[in-house]
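Engineer: coordinates only, sequence not included:
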């Protein structure tokens, strides 16, 4: 295992496990006490003046209190105590704590150190069988001790694999959460760009018109100012929706948190008011819609609306004096959109290679559709897009 490209002795536990190291010590202390009492039989109580067996008992068991904080160190301390026990020819059942220590090493340390610990314990098991096995029972005793060693080692390795699997699941969940956040931010960025660019462009055009006619036709100037106010209110409402002030319903409507009612997300039905605002701002626009908008999912309708909005906004900003045509053809499986203006030859919208076109492509790509934008041979600009809304894709697009 590596951390920052440097080898480490033991595997790092997940964050939530690391934060519980100290809280796990009482449980390990209780485990050590249980092992100590369970392996302290009547025959192991030392006689007066012979504390050696009791000290070995303590040395074999007490280190288990720190087994999860320093697994390899604890194993080495217990193994050293067991070696002293073997040299002193004092047989104590407390050396079973070596199995617990080996399990902890297998669960928390690297493969190499786990292998060394396992081989060490296996060597100790064979030495113990050679010294203390009943006559003629060495093979059976050695096999039993080897089986216990293998079981402790296998259990520890399984626990380590399980912890790594849980960690990978948590990491994957965090990655998905980060992707969802990034996707939502991208959606909000697209919406904010479309809303702000469109409404500010309309308001600037209306303000210029009001300033131009304020003396000769004051009533038209008043009407333009009223339209500016209405456009500003509409922009604020759209921004609140885009920033998530309300919750989105099943059919694309937004429910205001103040309980004021339902406010549908812009769709194909709102293309009429959109083109009317563009005409009021100085861009004569003709709208043609064929097909049934009711058969189109709400999110797909929002994509069509934003696409037309962006294309008309570019025409208003960069093709002064032009006229525009919007053609929307709808079928149960496809929505085709075409926006054409007759601006001066070779005049390309300044945002064609900027955020606007990028936002269009991102919206269309959610449906596996296509987008073409560019100048026309005889002058003007054309934006054409096709959305695949049939089959399993219906309703799955992201605004």
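Structural biologist: Great, that's in hand. If you're wondering where the values come from, they're calculated on a predicted model, not measured in any experiment. Numbering: from 1, shown residues only.
Engineer: Tell me the spacing between the closest residue in space to residue 268 that isn't next to it in sequence and residue 197.
Structural biologist: In this structure, residue 268 finds its nearest non-sequential neighbour in residue 293, 4.0 Å apart by CB to CB, 6 or more residues apart in numbering. (C-beta placed from N, C-alpha, C; glycine too.) According to CB to CB, to the nearest Å, residue 293 and residue 197 sit 25 Å apart.
Engineer: same check, this time on residue 268
Structural biologist: 21 Å.
Engineer: Look at these two and report which has more neighbours.
Structural biologist: residue 268 (23 against 20; other CB atoms under 10 Å).
Engineer: distance of that one from residue 366?
Structural biologist: For residue 268 relative to residue 366 (CB to CB), the value is 17 Å.
Engineer: Go ahead and report the secondary structure state at the nearest residue to residue 339 once chain neighbours are set aside.
Structural biologist: Counting by CB to CB, 6+ apart, residue 339 lies nearest to residue 311, which is 3.8 Å off, once chain neighbours are set aside. Under DSSP: H, G, I helix; E, B strand; the rest coil, the three-state class of residue 311 is helix.
Engineer: which ones are touching residue 311?
Structural biologist: 326, 339, 373, 383 (CB atoms under 8 Å, 6 or more residues apart in numbering).
Engineer: can you pick the most crowded of these?
Structural biologist: residue 383 (26 neighbours).
Engineer: Can you tell me who it pairs with across the strands?
Structural biologist: Counting by DSSP bridges, residue 383 forms beta bridges with residue 339, residue 373.
Engineer: Quick check: it touching residue 307?
Structural biologist: Yes. Under the criterion of CB atoms under 8 Å, residue 383 makes contact with residue 307 at 7.4 Å.
Engineer: if I look at these two, which residues touch both of them?
Structural biologist: Common neighbours of residue 383 and residue 307, counting by CB under 8 Å, 6+ apart, are 337, 339, 360.
Engineer: and the second one, what does it touch?
Structural biologist: Pointing back at residue 339 there. Going by CB under 8 Å, 6+ apart, the list of residues near residue 339 reads 307, 308, 311, 312, 315, 324, 325, 326, 327, 382, 383, 384.
Engineer: Also the first one?
Structural biologist: The contact partners of residue 337, taken as CB under 8 Å, 6+ apart, are 304, 307, 308, 326, 327, 328, 383, 384, 385, 386, 387.
Engineer: Check the last one too.
Structural biologist: Neighbouring residues of residue 360 by CB under 8 Å, 6+ apart: 306, 307, 310, 371, 373, 383, 385.
Engineer: Please, which helix or strand holds the second one?
Structural biologist: For residue 307, the host element (DSSP states H and E) is helix 298-318.
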